[in-house]
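**Student:** Below is the sequence, then the predicted model.
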Amino acid sequence: MKVIKNIIYDIFVISFLTYVVYLALEFIFEGFVSNYFDLNILLVLVIVSGFLVLFWDTEKNML
Amino acid sequence: MKHHIVIRIILVLIPIIVLGCFTYQYINPSGELIVKYDFCQKETSYFSGLSPYGRVLNLEKSENNCFQKMIIDPVYFDVRLPQTYREVSVESVYKQKKYDDIFQVGVSTDPGNWQWNFGTQQTVFGEYKIYKTVNLSLSNAVFSDNRYRFIISAPGLDESSGEVEFHKINLIFKKPALTSHNLLQRLKSFINL
């Protein structure tokens, strides 16, 4: 279970950093990402993984 | 623990590889970019769709075919690109009703003075549809906000109560392929200097 939590935490951190970098590139070079990929898909991944990380951390603190 | 490190490396590598793919697509070393528009969606990331509404009607769909009717001329479309190109071939597939003249396709060269460059065109009449290819030079074309603006002009279309039914518009943008000799020039084009 701990391994899964760590993987989800990694997914959250990496997807968040990727989202920020891709978004910055999209602002600087219009169409750099959006011509080929919908950034909202990555945002959904960030939100879902972030929610899971937050949920598990809160659960751990309550215990 | 070992598996976790492997998964972590894979997770880090995926966005880096994807970023490399985006960069390759954006720079486009081959110098050729094909933009396809089949009228099944209002706009794509490259193609703005035809405007203004009123001169063109709503997108329509019949079986496996999408199309849009133009009833008043002229109409416009923008193509958003990462960098400038030297020339473009505009290939269109369409049908004409109650309109016998041949419409023209041009690219904006001076929007303030309403100047357009209309290139050479070749029209092939098929059994049901008409296939037109227009070759345009982009050397004098305006590339504003990373967009080229195109015009479709069919004089007298509204007076004849005719219509042009567009089924496909494909644009093939061309420029010399990336080599060590034109690397600096391409870099300038890339950052729009």
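**Tutor:** That came in fine, so what should we check first?

**Student:** And the pLDDT for residue 28?
**Tutor:** Going with chain A. Looking at A:Ile28, its pLDDT reads 87.

**Student:** Can you look at chain B instead?
**Tutor:** 85.

**Student:** A:Glu59 too?
**Tutor:** On the pLDDT scale, A:Glu59 gets 62.

**Student:** just checking, A:Phe29 touches B:Tyr26?
**Tutor:** Yes. Using C-beta atoms under 8 Å, A:Phe29 makes contact with B:Tyr26 at a distance of 6.7 Å. Placement of C-beta: from N, CA and C, glycine included.

**Student:** Spit out the residues that contact the two alike.
**Tutor:** B:Pro82 (C-beta atoms under 8 Å, 6 or more residues apart in numbering or on different chains).

**Student:** Report whether the host helix or strand of B:Val35 contacts chain A.
**Tutor:** Applying DSSP states H and E as the criterion places B:Val35 in strand B:32-37. No. Judged by C-beta under 8 Å from any C-beta of the partner chain, strand B:32-37 stays clear of chain A, getting no closer than 10.1 Å.

**Student:** Determine the set of other helices and strands touching the worst-scoring helix or strand of chain B on mean pLDDT.
**Tutor:** In chain B, the helix or strand scored least confidently by mean pLDDT, DSSP states H and E is helix B:183-190, which has a mean of 74. With contacts taken as 3 or more C-beta pairs under 8 Å, 6 or more residues apart in numbering or on different chains; DSSP states H and E, helix B:183-190 sits against helix B:2-27.

**Student:** now the angle between strand B:32-37 and the helix it packs on, please.
**Tutor:** Orientation check (axes from the mean of the first three to the mean of the last three C-alpha atoms, to 10 degrees): helix B:2-27 against strand B:32-37 gives 90 degrees.

**Student:** Tell me which other helices or strands helix B:2-27 touches.
**Tutor:** Packing partners of helix B:2-27 (3+ C-beta pairs under 8 Å, 6+ apart): helix A:2-28, helix B:183-190.

**Student:** Let me know which of those is tucked in deepest.
**Tutor:** Across the helices and strands packed on helix B:2-27, averaging neighbours per residue (mean count of other C-beta atoms under 10 Å in any protein chain shown) puts helix A:2-28 on top, at a mean of 15.

**Student:** how many degrees apart are the helix or strand following that one and helix A:2-28 in direction?
**Tutor:** Counting by DSSP H and E, the element after helix A:2-28 in chain order, helix or strand, is helix A:39-62. Relative orientation of helix A:39-62 versus helix A:2-28 (the same axes, to 10 degrees): 140 degrees.

**Student:** For helix A:39-62, could you pull out the residues that count as buried?
**Tutor:** Neighbour-count burial for helix A:39-62 flags A:Leu42, A:Leu45, A:Val46, A:Ser49, A:Gly50, A:Leu52, A:Val53 (criterion: 16 or more other C-beta atoms under 10 Å in any protein chain shown).

**Student:** Also stretch B:142-158?
**Tutor:** Those would be B:Val142, B:Phe143, B:Asn146, B:Arg147, B:Tyr148, B:Arg149, B:Phe150, B:Ile151, B:Ile152, B:Ala154, B:Leu157, for stretch B:142-158 by 16+ other C-beta under 10 Å.
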